[in-house]
Each structure stands twice: as structure tokens, then as C-alpha cells.
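S.K.: I'll drop the sequence and a predicted model, then ask my questions.
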Amino acid sequence: MSDSPAPANAGAAVIIVAAGRGRRAGGELPKQWRDLGGRKVLARTLDAFAGLGPICLVLHPDEIGRYPEIEAAADLVVPGGAERALSVRAGLEALADRPPARVLIHDAARPLVPRGVIEAVITALDHNLAAAPGLAVTDALWRVADGAVVDAPSREGLARAQTPQGFDFAAILAAHRAHDGPPAADDVAVARAAGLAVAVVAGHENNVKITGPEDFSRAERILGCDMDVRTGNGFDVHAFEPGESLWLCGVEIAHDRGLKGHSDADVGMHALTDAIYGAMAHGDIGQHFPPSDPQWKGARSEVFLSHAADLARVEGFAITHCDVTLICERPKIGPHAEKMRAELARIMQIEPGRVSVKATTSERLGFPGREEGIAAIATATLVKA
Ligand SMILES: Nc1ccn([C@@H]2O[C@H](COP(=O)(O)OP(=O)(O)OP(=O)(O)O)[C@@H](O)[C@H]2O)c(=O)n1
Ligand SMILES: C[C@](O)(CO)[C@H](O)COP(=O)(O)O
């Protein structure tokens, strides 16, 4: 075991434990896989540690490989154990071959940990072998039995424990290997059992641990404080021309006419693409793919929509909902709507449940009513949290 702290600025690996079953939170999926403000809890937790050092993600053995897009944010994925402490141990052992100087151990269930808390723990490790965030207890404490208060213990000197808990790697690995008592609630308990002093840094009220069902709405409220919600709209029209089929929302439909356009003239996908650009205030489709440029002649509109969706991701936005309305007398859209939703969702890499496609006629009025062309309007909601 080291007897002095790792040198200042030495690298810190991160272990994120996500192998629990989340029984108290309930729900169809363990809490780390559930949606929180449009992104999975675990994706948010991994984001909070991005760029700090190699990330070792500890998952339930049955869940490894189930969400590759989330695992991609980790450098190492290892199977966890039946208790939190065993999952932490699995992560530590996986790092032991090429040991980092320091390690931060964090609950996947604390997705909103502020960067300042993580940095305070790292800084404290410059002068300590172990450091962890804590919060003062501000309410009075009671001991309760049979529904009645039987004692009022002092809250003097008490703190509420949070993660990430940071350690000299060799010290916490040795402490976990030596621990043989009942499973410890956290790594501070393991460290203390091995005689390590643990410095306390300021935790944060936003660093909630999602534990019960009500914690999801609590976390959503916190997210709402600094959530950037954008709505964009798009409108497009394409005229009919002679043909045997047309493209609408990524689906080719046999029809007695086609749609005229520089690209494949997918009017629904164009309106949606413009709605996404609009939400980001990034101009419109013509600005990104000028019709004067011959390379886009006959292009599949999928290229435009995936460009807009990629741009949203790069800027940190999740596309949380979009709604496309096609305005035409014919063809009938209803029989194709489900396939259109699935296709748009695939291209934008979001869940089909977040995509709506519907249609209306214009009561035989105006150019859609005279069957001179098809119009489409779309709305997209983007959220950055
Ligand atoms: N065998 C376990 C148990 C817990 N954890 C992780 O430890 C963190 C804190 O644990 P807790 O909030 O108690 O999560 P669960 O064990 O999933 O919840 P519950 O006790 O309600 O089932 C969570 O990120 C959880 O995924 C783990 O990796 N392996
Ligand atoms: C590690 C921990 O998050 C510190 O607050 C907590 O002890 C783990 O969760 P549990 O609810 O005690 O299992």
C-alpha cells in the first residue's frame, strides 16, 4: 500500500459501477438504463466524467453488449458482482494490471454530479490518499420505532456521503482485497476499515442518487434548471410530375405520379430536416446542400436528415420529439405511416416512439387539393441538458 499521496496531476482512472438491479426504483429496466430527460441515466453519468481519464464501466454480466452505443464511452467494460462492493472490486482488479496513480469510484445512479465536485475530489487527492464529497445534515434527526419518535440523536458532525470517492489506487485496491466484514455501503467505509484517513470535500445537492421512483422526477426538475429546449419548424412543397412512384419520409410509394425535385423530392423528410436545422438556428437545407451543386442531384434525402441529426448530436442536443404532417389528397399515407416513423427514427438514431407521421387533405382546396403537389410541415424538439 502507498503511504503518500500520488503526485499532483497524476492521472486518475474512473470506475463507474452500474451492475445493480435498481429494485427500489422499480420500473421495467434497472434505473441506469432508464430515460432521464431524453437520455439514459448511464449515458449522462459517463458524460460527466468524459475526458478525465480512462473509464472502467462495471455492468451486470447479462447486460454487457446490450447497449453498445453507451459502452462506447468507456475504455473498459467488466462484469460486476452481487453487491456494490464486489462490483467495485471487479473494476479495481480489471485496472490492476496497468495501475493508475488514482482512481475515482462513482455510482452510475448519480448522473447529475457537477464537474466542480469531481474536480474538488481530484484536487484533494494531491494531499490525501482518500477524499470524498459530503453534505451537511440540515434536518434534525430522529430514531423512530413503531411509528413514533423514540430518540433525537445529535446531527453534530454528521454528513451525507456522495460519490465520486477518490483514492490512491494501490491503497484502495489493497483495502478492498483485505476487506472481509459485511459488505460495505461505500468505498470510504472500506478505506476506513483499512486505516486510511478520508478527507471530505463539498458535495452538491444536485448530485442526487436515484434510489426510489420519485428520484426520477427530482432529477428531471434539477435538469430542467439548466436545460436548453429548442423547437424548430419546417415547411416544404414539391410539385407532381409524370412518374410511377414517389418518396415520402424515407418510404417509396407506388403512385400514378412522381414528385419533381433536385434530390429525390422527399417533401416530408425535407420539412423535418429544416425543422432540426431551425431548432439549432443553423439555416436550412438549401444552405447546407445548395440545389446549384450538381453533387446533390438525385440525392437520397436520408443524407440531409442524417446530417441535421449528426449536427444536433455534435452540439449536444437530443432530438426528443418530432412531428411531420403531410398535406395531400393522394396517395393515402395511413398504410405507410408506421414504416415512415421507423425509417425516420433509424436515420436520426432515436426511438420510433419519438417520431410522429400523420397526414391531412386540404379539403380539395389549393394546390394540394387540386393534386398539383404535396406539402409537408414538421416540428422538432431538441433538448440539451
Ligand atoms: N451489485 C451491485 C449493486 C449496485 N451497484 C451499483 O452501485 C450504485 C449504487 O447502488 P444503489 O443505488 O443501491 O443501486 P442498486 O443496487 O441498483 O439499487 P437497489 O438497491 O434499489 O436494487 C448503482 O449505480 C448500482 O448500479 C453495482 O454496480 N453492483
Ligand atoms: C455509495 C453511496 O452512493 C454513498 O452515498 C451509497 O452508499 C450507495 O447506495 P446505497 O443506497 O447505500 O446502496
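M.R.: Arrived safely. None of the values given here were measured: they were computed from a predicted structure. Ligands and ions are numbered 1, 2, ... in the order given.
S.K.: Which helix or strand in this structure has the lowest average pLDDT?
M.R.: Every helix and strand in the chain was compared by mean pLDDT, DSSP states H and E; the lowest is helix 214-225, with a mean of 87.
S.K.: chain center to it: distance?
M.R.: Relative to its chain's centre, helix 214-225 lies at 14 Å (CA atoms, centre = their mean, to the nearest Å).
S.K.: could you point out which element follows it?
M.R.: Stepping forward along the backbone from helix 214-225, the first helix or strand reached (DSSP states H and E) is strand 228-242.
S.K.: can I get the CA coordinates of that next one in PDB?
M.R.: Included here for strand 228-242 are C-alpha records, laid out as PDB according to Å, rounded to 0.1, in the frame of the first residue of the first chain:
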ATOM      1  CA  ASP A 228     -31.900  24.200 -23.200                       C
ATOM      2  CA  VAL A 229     -35.100  23.200 -25.000                       C
ATOM      3  CA  ARG A 230     -35.500  24.300 -28.700                       C
ATOM      4  CA  THR A 231     -38.400  23.900 -31.100                       C
ATOM      5  CA  GLY A 232     -37.900  24.300 -34.800                       C
ATOM      6  CA  ASN A 233     -40.400  24.100 -37.700                       C
ATOM      7  CA  GLY A 234     -40.000  23.300 -41.400                       C
ATOM      8  CA  PHE A 235     -42.300  23.600 -44.400                       C
ATOM      9  CA  ASP A 236     -41.800  22.300 -47.900                       C
ATOM     10  CA  VAL A 237     -43.700  21.800 -51.200                       C
ATOM     11  CA  HIS A 238     -42.900  19.600 -54.200                       C
ATOM     12  CA  ALA A 239     -44.900  19.500 -57.400                       C
ATOM     13  CA  PHE A 240     -46.100  16.400 -59.100                       C
ATOM     14  CA  GLU A 241     -44.500  15.200 -62.400                       C
ATOM     15  CA  PRO A 242     -45.000  12.100 -64.500                       C
END
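S.K.: Now do the helices in the stretch 51-200 of the chain.
M.R.: Counting by DSSP state H, counting those that start in this stretch, the stretch 51-200 of the chain has helices at residues 68-71, 84-95, 115-124, 169-178, 187-193.
S.K.: Can you say which of those helices is nearest to Arg143?
M.R.: Closest approach to Arg143 among the helices of the stretch 51-200 of the chain is made by helix 187-193 (21.0 Å; CB to CB). The way it works is simple: take the backbone N, C-alpha and C, and place the C-beta from them, glycine included.
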